[in-house]
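1. the following block contains a protein sequence and its predicted model.
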Amino acid sequence: MKAAIMQPYIFPYLGYFQLIKAVDAFVFYDDVNFIKRGWINRNKILLNNKEKLISFPCIGASQNKLINEVQVDLSDKQYLKLIQTIEQAYNKAPYYKEVYPIIEKVFNSSAKNIAELAIHSIKIVSEYIGINTEFYVSSESFGETKGIDKADRLIAISKNLGSNTYINALGGIELYNKAYFKLKNIELHFLKPSSAPYKQHDPINFIAGLSIIDVMMFNSPEEINEMLDNFELV
């Protein structure tokens, strides 16, 4: 059984969903510290054929708070402006009519903190593109592991899941040691994502690394599923 553990990001990029599809069980790591100016509440979309950074407003965001402690207020006018920006960016995209209601559904949710909002965005996208991975939330299912240091907590959660293989995002390659995981009877791999260019508004100048929103606006669920298998384990 393969497992992955990752902080919840709101409408993350394609590589995040490659990691989800690559495993049997995926754990949202919501009870670790919030990262300011990270990707938990920020992302990039395509606006007027240029990369546009968007930020989802949080109340009292601080790196001294856990992700699930950082509150959101979806009635805030800034969220309405965000939705309008996304509408403006993609209202002529081929899959706008299918995808825009998904975005509206996320922002019409009852989420009270950024973890809930991000998790909702990931789950609803996963359902749309046909990912069948089982989801868990660390604060709900593995609270007893809180306080265990870094790699040991990942190992403990993996063992609680019955997993003998743990796959981490490539960014963790400098943090986690394969030999240490092996000593604990867990095989450690890192997922190196890859994304082939797809047709955007500008058919010549492709902009990579954008939110899954961009991928969904220009590709069918079937096409996206093929993209999800385009990665390498190292």
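-> Looks like it arrived, so ask away.

2. would you mark the buried spots in the lengthiest helix in the chain?
-> The longest helix of the chain (DSSP state H) is helix 114-129. Buried residues in helix 114-129, defined by neighbour count with 16 or more other C-beta atoms under 10 Å: 114-123, 125-126, 129. To be clear about C-beta, it is placed using only N, CA and C from the backbone, and glycine gets the same treatment.

3. cool, and stretch 78-87?
-> For stretch 78-87, using 16+ other C-beta under 10 Å, the buried residues are 79, 82-83, 86.

4. that older thread, and the buried residues of helix 114-129, which is closest to residue 8?
-> Comparing the buried residues of helix 114-129 against residue 8 with C-beta to C-beta places residue 118 closest, at 3.7 Å.

5. got the contact list for that closest one?
-> 8-10, 28, 40-41 (C-beta atoms under 8 Å, 6 or more residues apart in numbering).

6. over to residue 82?
-> 54, 56, 107.

7. phi, psi of the last one?
-> Main-chain torsions, residue 107, degrees, to the nearest 10: phi -80, psi -10.

8. swap in the first one?
-> When quoted as degrees, to the nearest 10, the phi and psi of residue 54 stand at phi -120, psi 150.

9. please apply the same query to residue 196.
-> Note on residue 196: its backbone torsions stand at phi -70, psi 150 [degrees, to the nearest 10].

10. in helices only, show me the buried residues of stretch 78-87.
-> 79, 82-83, 86.

11. and the residue of the chain positioned farthest from its centre, how far is that from residue 158?
-> For the chain, the residue at maximal distance from the C-alpha centroid (C-alpha atoms, centre = their mean) is residue 183, at 29.3 Å. Residue 183 sits 13 Å away from residue 158, going by C-beta to C-beta, to the nearest Å.
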